[in-house]
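Q: Next comes the sequence, and after it the predicted model I'd like to discuss.
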Amino acid sequence: MPNAVENAVETEDQVRSLADSVLGLSGVSSSVAKSGVGQITTMKQLGFTGDGASNKPDGWYLPVDRGTVALVLETKAPDAMPIDSPALRVQVEKYCATVRTRYDLVIGLVFDGERTRAYVNGQPLHVPDELQPKEFYFDKLTERPIDKERIYELTMRINNSLHSDFGIKNLYHRMIFTACALVARRYDAVLVRGMDYSAFHSGILSALNKAIRADKQQNAKLELLAEVYSEIKMNVSTDDDNPAAVARLTTLIGDFIDWVTEISGLINSSAWDGEDVMAIFFNEFNRYKKKSESGQVFTPDHVTGFMYRLLGVDKDDRVLDACAGSGSFLVKAMSKMIDEAGGVNTTKAKSIKARQLYGIEFDREIYALACANMLIHKDGKTNLAHMDARTESASDWMKSTRATKVLMNPPYENKFGCMKIVENVLDSVERGTLCGFILPDKKLEKTSKGQMSRILRHHRLLKVVKLPENLFFGVGVTTSIFVFEAGKPQDGKKFFAVNIAEDGLVTVKNKGRHDVHGRWPAIEDYWIDAIERSDDNKHSTGQWIDTTESLSWQASAKPFKLTEEDLARAAMDYVMFQRGLDSRVMMERLGRIATYSASVGETVDAVMLEVAK
């Protein structure tokens with residue numbers, strides 16, 4: 001690699017040339033990024049507007065994909081100015097501030113031919129003195145773990161602002177509005193502090209339409225996302241005659257833009273493991289939920305990963321969720337399948353997004369959330385259908401997917417046709433397809449005998465995994481995973497059931513349940529192995545159950561225990577019976593004696609006296 005000594009750089013032009021050769025800024029295809037070095041190109045010429053438009057960076061890398069990392073460069077001759085000079089840092093930060101109006105992740109580099117300094121959002125980033133290829137710095141930003149704590153903090157601010165300042169009272173409307181703003185950030189929306197309400201609102205809508213334009217031919221229902229966004233009403237005053245109100249609104253919009261921009265940068269990490277951003281939103285936004293908004297349950301992230309492993313899903317499967325909700329199962333499956341394929345830039349990853357993920361959602365607004373969720377995670381091609389999973393048309397659609405695995409958490413209430421959905425799914429997939437459903441523990445036993453008998457004549461129940469009692473935080477329902485093999489009758493075969501009593505998660509105030517102590521990975525490994533072997537030695541909860549006797553995991557009856565206290569009570573009851581005493585009246589009298597007696601001895605004496613009478 002070239003370095004300052006070998007090239008004997010002395011002038012700023014030489015430093016800039018060296019930086020170009022090491023970073024690899026020149027020669028990048030215009031279809032990938034605007035990239036280059038120079039002294040005369042302004043930010044305006046690179047497509048930026050505003051206060052920093054006249055600035056002239058020494059180098060730049062501005063990718064077409066706005067969700068990836070951008071880079072700007074400031075160079076100086078070796079002895080012109082100290083590398084740690086505040087003036088150099090301020091200059092590169094000016095470039096970064098301009099670029100951040102359109103990119104979430106921006107790295108600013110200062111290079112003097114010998115040493116390198118890097119900054120992100122005004123904060124230093126630890127890097128080697130020797131200049132590295134640009135990919136090194138990109139990886140530094142994207143390899144960071146997902147900072148869920150920060151996402152929760154920002155989401156809390158957004159929730160409070162949308163609810164109190166902007167008057168959006170509907171839970172799902174707040175989620176959709178925030179999700180649409182995140183999508184807009186990923187698709188080149190110009191959202192900057194200082195813009196007025198009209199530009200802010202229309203900027204998001206314009207970016208949404210741009211985001212779905214390429215995929216509408218494949219999935220026309222994506223248009224619902226923009227439609228639902230347009231219907232969300234914000235309680236704001238746009239009275240230009242009230243300067244104070246206009247200034248306050250501009251400040252509120254600026255805060256919202258800053259928060260959304262930071263969240264977008266946080267979730268754009270190679271460490272992302274399919275965490276459902278919508279579930280994070282739901283946990284926070286749920287604080288203002290009305291009773292009328294109850295019913296929708298978002299599957300916890302660790303459970304989606306567990307079910308992925310439980311059903312043995314891999315990168316070659318075609319995954320179906322016929323009650324997709326926010327898309328949590330599809331997002332998790334996409335993440336894990338792409339990771340198995342070797343990463344997001346592989347040919348296989350493109351195939352996974354385009355042809356291996358399928359979802360159905362009936363609720364119009366929740367469907368919009370699912371679309372937004374997939375777009376946030378850089379997938380506008382997922383096959384999401386807006387239809388009723390109970391219908392014949394949905395059955396035809398499911399058959400066309402040729403799904404090989406089903407992961408689902410259907411609505412539990414009978415009014416939504418829970419078991420009709422389950423049966424329709426089982427009837428619509430190919431023989432041998434493994435289907436996992438999260439349902440209330442006793443749901444199969446409460447289903448009509450006729451329907452359950454019909455299901456078991458055509459499909460085999462293989463496994464039941466009882467989940468922890470407090471899994472669905474605040475919902476008040478206990479659940480199990482029911483794994484069926486479609487197209488193969490039960491034929492008297494037993495199923496294997498276990499009880500995962502604890503998942504190691506703890507409840508964090510206003511944030512739901514989290515694996516604070518990092519216990520879940522080991523717990524998950526144990527149960528996946530135990531269920532695969534159909535042998536739970538450690539916890540002794542494993543059961544082989546006949547479907548004619550039960551359709552759920554069965555808690556063991558508590559063993560009968562006889563204590564001395566039981567014998568004494570029985571003896572006392574017998575004595576009172578012999579003497580014709582009313583035990584209820586006697587106990588009341590004894591209670592009064594015990595309450596007002598000065599000592600235990602007096603109480604005993606009084607009891608004996610009462611019995612002797």
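A: Nice, thanks for sending it over. Numbers count the residues shown, from 1 in each chain.
Q: tell me the strands in the stretch 451-600 of the chain, going along the chain?
A: 460-466, 479-485, 495-499, 506-508, 512-514, 543-545 (DSSP state E, counting those that start in this stretch).
Q: got a list of what residue 232 touches?
A: 168, 170, 173, 176, 177 (CB atoms under 8 Å, 6 or more residues apart in numbering). Any C-beta I mention is one placed from the backbone N, CA and C, and that applies to glycine too.
Q: Pull up the gap between it and residue 252, please.
A: In this view, residue 232 and residue 252 are 16 Å apart by CB to CB, to the nearest Å.
Q: same thing with residue 577?
A: Using CB to CB, we find residue 577 at a distance of 77 Å from residue 252.
Q: ditto for residue 38
A: 39 Å.
Q: residue ranges of the strands in the stretch 51-200 of the chain, please?
A: Using DSSP E, counting those that start in this stretch, strands in the stretch 51-200 of the chain cover 59-63, 70-75, 106-111, 116-120, 123-125.
Q: Let's have these in TSV, adding mean pLDDT and distance to residue 261.
A: As requested, the strands of the stretch 51-200 of the chain are arranged in TSV below (pLDDT from 0 to 100; distance: least, CB to CB, whole Å):
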stretch	mean pLDDT	distance to residue 261
strand 59-63	94	16
strand 70-75	95	13
strand 106-111	94	11
strand 116-120	94	13
strand 123-125	88	15
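Q: could those go into TSV alongside mean neighbour count?
A: Converted to TSV, those look like this (neighbours: other CB atoms under 10 Å):
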stretch	mean neighbour count
strand 59-63	22
strand 70-75	26
strand 106-111	26
strand 116-120	20
strand 123-125	11
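Q: between those strands, which one is nearest to residue 336?
A: Closest approach to residue 336 among the strands of the stretch 51-200 of the chain is made by strand 59-63 (25.7 Å; CB to CB).
Q: on that earlier part again, which PyMOL command selects the buried ones in the contacts of residue 232?
A: Restricted to buried positions by 16 or more other CB atoms under 10 Å, the PyMOL selection for those reads:
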select buried, resi 168+170+173+176+177
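Q: So which of the contacts of residue 232 sit within helices?
A: Members of these lying in helices (criterion: DSSP state H): 173, 176, 177.
Q: Closest one of those to residue 107?
A: Nearest to residue 107 out of the ones in helices among the contacts of residue 232 is residue 177 (CB to CB; 29.8 Å).
Q: Which residues are in contact with that closest one?
A: Taking CB under 8 Å, 6+ apart, one finds 162, 168, 229, 232, 234 in contact with residue 177.
Q: Hmm, which of those residues is lowest in pLDDT?
A: Going through those one by one, the lowest pLDDT turns up at residue 234, 86.
Q: Just give the closest residue to it, not the sequence neighbours.
A: residue 166 (4.5 Å; CB to CB, 6 or more residues apart in numbering).
Q: How many residues are close by that neighbour?
A: 21 (other CB atoms under 10 Å).
Q: Before we move on, what's the pLDDT of it?
A: Per the predicted model, pLDDT is 92 at residue 166.
Q: circling back: could you dump the ones in helices among the contacts of residue 232 into a markdown table and include distance to residue 61 and pLDDT?
A: Formatted as a markdown table, these follow (distance: CB to CB, whole Å; pLDDT from 0 to 100):
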| residue | distance to residue 61 | pLDDT |
| --- | --- | --- |
| 173 | 38 | 91 |
| 176 | 33 | 90 |
| 177 | 32 | 92 |
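Q: List just the nearest of those to residue 18.
A: Nearest to residue 18 among the ones in helices among the contacts of residue 232, with distances taken as CB to CB, is residue 177, at 47.2 Å.
Q: Distance check, the closest one against residue 365.
A: For residue 177, the distance to residue 365 - CB to CB - is 11 Å.
Q: in the stretch 1-150 of the chain, which ranges drop under the pLDDT threshold?
A: Residues of the stretch 1-150 of the chain that meet the criterion pLDDT under 70 lie in 1-9, 67, 143-146.
Q: Can you show me the helices along the stretch 501-613 of the chain?
A: Secondary structure of the stretch 501-613 of the chain (DSSP state H, counting those that start in this stretch): helices located at 520-533, 564-578, 583-596, 600-612.
Q: If you average pLDDT over each of those helices, which is lowest?
A: Among the helices of the stretch 501-613 of the chain, helix 600-612 scores lowest, at a mean of 53.
Q: So in the protein, which helix runs the longest?
A: Max-length helix for the chain by DSSP H is helix 243-267.
Q: before we move on, back to that, any chance of the strands of the stretch 451-600 of the chain in JSON lines, with distance to residue 85, mean pLDDT and mean neighbour count too?
A: Supplementary listing: the strands of the stretch 451-600 of the chain in JSON lines, determined by distance: least, CB to CB, whole Å; pLDDT from 0 to 100; neighbours: other CB atoms under 10 Å:
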{"stretch": "strand 460-466", "distance to residue 85": "61", "mean pLDDT": "98", "mean neighbour count": "21"}
{"stretch": "strand 479-485", "distance to residue 85": "60", "mean pLDDT": "97", "mean neighbour count": "23"}
{"stretch": "strand 495-499", "distance to residue 85": "64", "mean pLDDT": "97", "mean neighbour count": "23"}
{"stretch": "strand 506-508", "distance to residue 85": "43", "mean pLDDT": "84", "mean neighbour count": "13"}
{"stretch": "strand 512-514", "distance to residue 85": "43", "mean pLDDT": "78", "mean neighbour count": "20"}
{"stretch": "strand 543-545", "distance to residue 85": "71", "mean pLDDT": "96", "mean neighbour count": "15"}
